[in-house]
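# give me a model of this one.
(one chain, ligands or ions: 1)
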Amino acid sequence: MKLEFIKREKLKEKPIDESNLGFGRIFTDHMLLMKRSREKGWFYAAIEPYGDLVLSPAALVLHYAQEVFEGLKAYRSPDGRFLLFRPWDNVKRMTLSAERMSMRAFDADFLLNSLYELIKIEKEWIPKAPGTSLYIRPAYIGIDPYVGIASAEDYYLYIILSPVGAYYAKGLAPVDIYIETEYARSVRGGTGNHKTGANYAISLKASELAHENGFSQVLWLDGRENRYIEEVGSMNIFFKIAGELITPSLGGTILSGITRDSIITLAKDMGVKVAERPISIDELYDAYKKGSLEEAFGSGTACVVSPVGKLVWGGREIIPGDGGMGELTKKFYDTLTGIQLGIIEDKFGWVKEIE
Ligand SMILES: Cc1ncc(COP(=O)(O)O)c(C=O)c1O
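Next up, the predicted model:
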């Protein structure tokens, strides 16, 4: 399949005020669109003007949620280079998510190279202000006009781009987290380790309730015993207990975060002891009571690292360290953002420059 380029006739005005970009509401001039049908297989791939998709009201995705997506960012380095962070890992994760959702395979190398082409065309949309970036959203949906329950044969695979503001517009502040004990996000054998929209739809109610009560995110416990810590909203979670960095093991119910993996790699490289293992909420509470819970932070593409100021579990408070940002948390934030922005040496080969 050949990648076409259909140029938008009149380019949009780029946002001038980069302090007000917000998240995910502004889109660039072009998008990547790939199409597959039962009869023709993958038959269309083009970078074309950003615009609405044509979709039947019977499209399978609208009824049975056969959908997967990804989220990554392009950064502009202070010396003016255009950089992506581990994009091949997002494409790989999307391949695995699609396979779990029983969707037809796509050519991962073609998708990755098409992403590079799209960024090359849209690179001037990568904002310049500190902390800003270009959010990249690949999505894959089943679109057969058929309301029977079956795997789709017709698909759209597309990538849209959105310039986004600094996650920490007001500085890297610790957040309060609500430990959810009623609702579950994921169960063993389910789809928790894949990036499919349904996982997010079922977590909205708990998130909204938490927001109403002043919390910024929900920490999920396992869906079986309501005891083991899993992950936070759209982040993986790390604790530093008595000098050791601990993060829940993956085990099929947690998203395999690319930031999580990067932090584990960095920690090992820094000589920090790291454990990926099940950790129960009782163990966390005990550590807090004993005074050995030194730091806690979430990790994800959006925030990179988000320090946790307080966790609330059935009326009990858990405050890591002194409730401020931990030293190691800050070190991970500085190192990872430094690598992403091309300021710190990329010794793990994580950065892809788009020329
Ligand atoms: C549920 C969930 N967990 C964890 C993460 C962090 O993953 P990553 O570091 O790849 O952004 C995300 C964000 O993508 C997420 O949606």
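# and D222, what does it touch?
By Cβ atoms under 8 Å, 6 or more residues apart in numbering, the residues touching D222 are A184, R188, Y228, I229, E230, T253. Placement of C-beta: from N, CA and C, glycine included.
# and the gap between the second one and I246?
The spacing between R188 and I246, counted by Cβ to Cβ, to the nearest Å, is 21 Å.
# one more: the third one?
Counting by Cβ to Cβ, the gap between Y228 and I246 amounts to 12 Å.
# next, A139: secondary structure please.
strand (DSSP: H, G, I helix; E, B strand; the rest coil).
# now it: how far from the ligand?
13 Å (Cβ to the nearest ligand atom, to the nearest Å).
# also A98?
16 Å.
# give me the number of residues near that residue?
Close neighbours of A98, defined as other Cβ atoms under 10 Å, add up to 24.
# give me the common contacts of Y228 and I246.
I279.
# what residues does the stretch 51-200 of the chain have near the ligand?
Contact residues, the stretch 51-200 of the chain versus the ligand (Cβ under 6 Å from any ligand atom): G71.
# looking at the stretch 51-200 of the chain, which residue is nearest the ligand?
G71 (5.0 Å; Cβ to the nearest ligand atom).
# excluding chain neighbours, what is closest to that residue?
Computed as Cβ to Cβ, 6 or more residues apart in numbering, the closest residue to G71 that is not its neighbour in sequence is T301, at 5.3 Å.
# let me know the pLDDT of that neighbour.
Predicted confidence (pLDDT) at T301: the value is 97.
# what's the domain layout of this protein?
4-164, 175-340 (automatic domain parsing).
# export these to CSV and tack on distance to E353?
Shown next, in CSV, are the domains of the chain (distance: least, Cβ to Cβ, whole Å):
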stretch, distance to E353
domain 4-164, 6
domain 175-340, 12
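# quick one: closest of these to K352.
domain 4-164 (4.4 Å; Cβ to Cβ).
# pull the distance from that closest one to the chain's centre.
Computed by Cα atoms, centre = their mean, to the nearest Å, the chain-centroid distance of domain 4-164 equals 14 Å.
# begin at 55 from here
In the new numbering, first residue 55, that becomes domain 58-218.
# hang on, the earlier thing: what's around the residue of the stretch 105-254 of the chain closest to the ligand, how many residues?
G125: 17 neighbours (other Cβ under 10 Å).
# kindly report the same for the one 5 residues further on.
The local packing of R130 (other Cβ under 10 Å) involves 21 other residues.
# E337 looks like it's in a strand, true?
No. With three-state DSSP as the criterion, E337 is assigned helix and is not in a strand.
# got the residues of the stretch 255-404 of the chain near the ligand?
E285, S288, M289, N290, L309, G311, I312, T313, R314, S353, G354, T355.
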